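In: Build me a model:
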Amino acid sequence: MTPLFRNLLIAAAAVLILVLAAPFLVPASAWRGQVEAELSRAMGRPVTIAGPMSLTLLPEPGIQAEDVRLATRKGAVGPPLAEIGNLHITAQFWPLFTGRIALSNVAMERPVIHLRVDRDGKPNWQLEGARNHAGDSAFGWMRTSVAQVKIEDGRVYYDNAHWQTHAAIEDVDATLVWLGRALTLDGTLRQGAEHIAFDVRLPAPGALLVGKSTPVDLSITSDLLQASFKGAMMLNGPAVGRLKLNTPSLRRLAAWRGHRLPPGGGLEPLSIEAQLHFDGWMIALSKLTMALDESTLQGDMVIDAHEAVPVIHGRLTLDHAVLDPYVTPPGAKARPAHDGWNTVPVNLSLLKLFAADLHVESGPLSFEGVTIDKAAFDATLKDSVLNVRFPALSLYGGRGTAELRIDTNGKVPAYRGRVALSGVAAKPFLRDALDAGGLDGTMTLNFESSTAGASRAQTMAAISGRGTVLLRNGRVTGSDLEAMGRMIHFGPAAPANWSAAITPFDTMGASFSIARGVLTTDDLQLSSGVTEIKGEGHIGLGTRTIDLGIRSRTRLVMDERPRNDIADFAQPYRIGGPWSSLRYTPEPRTHDAKPGP
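Out: Coordinates of the predicted model:
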């Protein structure tokens, strides 16, 4: 290479370097106003650069600025909409020589975004009036001029004075990318102790800044929550679309959102699939399928959150439910039946958290051992008072109706109820309800009562009411009442296997009243083809004791038992003691035995 040619190349290279470096030899302050103006025009509101600003040449042209602020809505109070600790903008190279800035990539470090809604429901991010086009312009400018936006170590604060809600999101790392006209946003964030990954797809993002609805497809994933929504939404307005949500623990999810649920069991795994319509204070879930713990609900539900206590309206079907975990304190152990009624306090705090107006078609419902096989019921909950009406229910082979009222406003819950049952299998029903399985037959029961107490033991001790009961085609197991009367008065030892003894009957019934846990009857009557037994006395429902006077009249048939030549006699005796260990004692006869014809 000749010296002349080499010198020409060196000179050309020097000129090229000077040309390339010329924009960056100008002080950065000379560009500050133009950068602020360009960003303000693009974003539709003032942008200021309060900190240092510098220009970079390599590896690509760019602008770096500190303490960049995006103004809030005009007339709004509070901090700027966004405060960016460090903003790095990569510019396209050749437009710089024409005095124009064309951006390709934006990186924001430590941005703090303040999303605020005033008492009138106006958001600080929404562009208004004649400037509404700026929303589309901002995203249009970004779509054509900015290929990618990165956010590192960001924070987002949401304050809604209209809804009285607040949320803080931290450690936001996200990437915004344009795919054609659509915007994709994915990244991670932290809210409280939860680290969440998110993914958002917006086909028409410009509508968001001007308060219009836009299609959206979003999902969030964490150890505590997996959720997705596909539909249309506004940033501070309605959202309509398909919602899916799963969490391993509703209790932990509620606590994360700042709502601690009352202690107890249940309220753990939850999954929801529904068509969502969200509009401010109203949340409508149609075509709902919700699985909570072991139960599944389907139907339509509306949650009205206008008041301090949300109101739930709905028409639902419930496959089955075991209610005990929701009213039992954690770690509590029920006392065995033979030791008396359960003294563990019930916890009805859930009834204070919301109000409700529901119609439910239900499969099996179980509580404290009693199971309703099938029921339709209407439930209203208002001011911590629950009213449930069962116009139709099936249980233990029979049918019936029932009403229940629970008032949790006092020191202890107060209960009032009414039940009318027919065709019920007495043995399993009485075994499950009262731990008294000695009666068998088909039962008709009409009963109304009231009580109050913190536990089953207290409510049984305080119960009052009245009713009637009739059993047909049954038997008393574990005792032969006629033979017992004969044995008490005339002698012979008890049968070798007394537990296998029975007293069959055609009908057995009584009317009764209850006061402070003591049931009283004066017209107990059992009759069969050969036996008529009458009784009166008391049953201690709270103390689980019996004190009944029995009068037995039997028309004997010829058999091998002694004194069977007596055709008609009365044998009075008393049944007393605890349910688990009854005693039989004689009473004076009301009249002498009469010989037969």
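
In: neighbouring contacts of stretch 517-535?
Out: Stretch 517-535 is contacted from outside by 460-463, 476, 481-482, 503-514, 536-543, 548-557, using Cβ atoms under 8 Å, 6 or more residues apart in numbering. Yep, even glycine has a C-beta here, placed from its N, CA and C like the rest.

In: and those residues, which are buried?
Out: 460-463, 476, 481-482, 503-505, 508-510, 512, 514, 537-542, 548-554, 556 (16 or more other Cβ atoms under 10 Å).

In: Inside strands: which ones of those?
Out: If you go by DSSP state E, those have 476, 503-505, 508-510, 512, 514, 537-540, 548-554 in strands.

In: From the chain's centroid, how far away is the host helix or strand of residue 173?
Out: Following DSSP states H and E, one finds residue 173 within strand 165-179. How far strand 165-179 lies from its chain's middle: 28 Å, per Cα atoms, centre = their mean, to the nearest Å.

In: next helix or strand past that strand?
Out: Next in sequence after strand 165-179, counting helices and strands by DSSP H and E, comes strand 182-191.

In: Give the other helices and strands that the helix or strand just after that next one contacts.
Out: Counting by DSSP H and E, the next helix or strand C-terminal to strand 182-191 is strand 194-202. Contact here means 3 or more Cβ pairs under 8 Å, 6 or more residues apart in numbering; DSSP states H and E; on that basis strand 194-202 packs against strand 182-191, strand 214-221.

In: Measure how strand 194-202 sits relative to strand 214-221, angle-wise.
Out: If you take axes from the mean of the first three to the mean of the last three Cα atoms, to 10 degrees, strand 194-202 sits at 150 degrees to strand 214-221.

In: would you put the C-alpha positions of the next helix or strand after strand 194-202 in PDB?
Out: Once the chain leaves strand 194-202, the next helix or strand it forms, by DSSP H and E, is helix 206-209. C-alpha atoms of helix 206-209 as PDB (Å, rounded to 0.1, in the frame of the first residue of the first chain):
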ATOM      1  CA  GLY A 206     -54.000   1.500  23.200                       C
ATOM      2  CA  ALA A 207     -57.600   1.300  24.400                       C
ATOM      3  CA  LEU A 208     -56.400   0.800  28.000                       C
ATOM      4  CA  LEU A 209     -55.000   4.300  28.300                       C
END
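
In: How about residue 329: what's its closest non-neighbour residue?
Out: Spatially, and ignoring its direct neighbours in sequence, residue 329 is nearest to residue 347 (5.4 Å; Cβ to Cβ, 6 or more residues apart in numbering).

In: Same check on residue 190?
Out: In space, residue 190 is closest to residue 171, 4.0 Å off (Cβ to Cβ, 6+ apart).

In: Buried residues of stretch 282-289, list them for me.
Out: By neighbour count on 16+ other Cβ under 10 Å, the buried set for stretch 282-289 is 283-285, 288.

In: Stretch 292-305 now?
Out: Residues of stretch 292-305 classed as buried: 292-293, 295-299, 301, 303, 305 (neighbour count, 16+ other Cβ under 10 Å).

In: would TSV of these with pLDDT and secondary structure be doable?
Out: Output for the buried residues of stretch 292-305, formatted as TSV (pLDDT from 0 to 100; DSSP: H, G, I helix; E, B strand; the rest coil):
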residue	pLDDT	secondary structure
292	97	strand
293	96	coil
295	97	strand
296	98	strand
297	97	strand
298	98	strand
299	98	strand
301	98	strand
303	95	strand
305	86	coil
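
In: now, which of those sits nearest residue 395?
Out: residue 295 (18.2 Å; Cβ to Cβ).

In: and the gap between that closest one and residue 363?
Out: 9 Å (Cβ to Cβ, to the nearest Å).

In: again with residue 247
Out: 24 Å.

In: Comparing those two, which shows the higher neighbour count?
Out: residue 247 (21 against 15; other Cβ atoms under 10 Å).

In: List the beta-bridge partners for the more buried one.
Out: On the basis of DSSP bridges, residue 247 is bridged to residue 270.

In: pretty sure it is touching residue 257, no?
Out: No - Residue 247 is not in contact with residue 257 according to Cβ atoms under 8 Å; the separation is 10.8 Å.

In: related to what we said a few turns ago, for residue 378, find the nearest of the helices and strands packed on strand 194-202.
Out: strand 214-221 (36.4 Å).

In: Taking strand 194-202 as reference, get the angle to whichever helix or strand comes after the closest one.
Out: Per DSSP H and E, the first helix or strand lying C-terminal to strand 214-221 is strand 226-233. If you take the same axes, to 10 degrees, strand 226-233 sits at 30 degrees to strand 194-202.

In: neighbouring contacts of strand 226-233?
Out: Applying Cβ under 8 Å, 6+ apart, the set of residues contacting strand 226-233 is 213-220, 239-247, 276, 278.

In: Tell me the buried residues within the residues you listed.
Out: Applying 16+ other Cβ under 10 Å to these, the neighbour count classes 213-220, 239, 241, 243-247, 276, 278 as buried.

In: ok but residue 255 is inside a helix, no?
Out: Yes - membership of residue 255 in a helix is supported by DSSP: H, G, I helix; E, B strand; the rest coil.

In: for it, what are its contacts?
Out: Contacts of residue 255 by Cβ under 8 Å, 6+ apart are residue 261.

In: Return the distance of it relative to residue 193.
Out: When distance is defined by Cβ to Cβ, residue 255 is 10 Å away from residue 193.

In: cool, residue 125 as well?
Out: Counting by Cβ to Cβ, the gap from residue 125 to residue 193 is 28 Å.

In: now do residue 300
Out: As for residue 300, its distance to residue 193 is 34 Å (criterion: Cβ to Cβ).

In: relative to strand 194-202, how tilted is the strand holding residue 173?
Out: Orientation check (the same axes, to 10 degrees): strand 165-179 against strand 194-202 gives 50 degrees.

In: what pLDDT, on average, does strand 165-179 get?
Out: Strand 165-179 carries an average pLDDT of 85.

In: same deal with stretch 203-222?
Out: According to the model, stretch 203-222 has a mean pLDDT of 83.

In: For this protein, name the helix or strand with the lowest mean pLDDT.
Out: Within the chain, no helix or strand scores below strand 594-595, which has a mean of 38 by mean pLDDT, DSSP states H and E.

In: re the thing from before, where is pLDDT lowest across the buried residues of stretch 282-289?
Out: Within those, residue 283 has the lowest pLDDT, namely 94.

In: My understanding was that that residue contacts residue 302; is that so?
Out: Yes - applying Cβ under 8 Å as the test, residue 283 and residue 302 come out as touching, 7.1 Å apart.

In: Check residue 557 and give its pLDDT.
Out: If you check residue 557, the pLDDT there is 52.

In: repeat for residue 308
Out: pLDDT for residue 308: 80.

In: Tell me where the model's unsure across the stretch 251-400 of the chain.
Out: For the stretch 251-400 of the chain, the stretches with pLDDT under 70 are 331-339.

In: Just to check, residue 241 is in contact with residue 275?
Out: Yes - Residue 241 lies in contact with residue 275 (Cβ under 8 Å); the separation is 7.5 Å.

In: quick revisit: what about residue 125 and residue 193, which has more around it?
Out: Taking neighbours as other Cβ under 10 Å, residue 125 and residue 193 compare with residue 125 leading, 22 against 8.

In: Please identify which helix or strand holds that one.
Out: Per DSSP H and E, there is no helix or strand for residue 125.

In: Right, I'll call it a day here.
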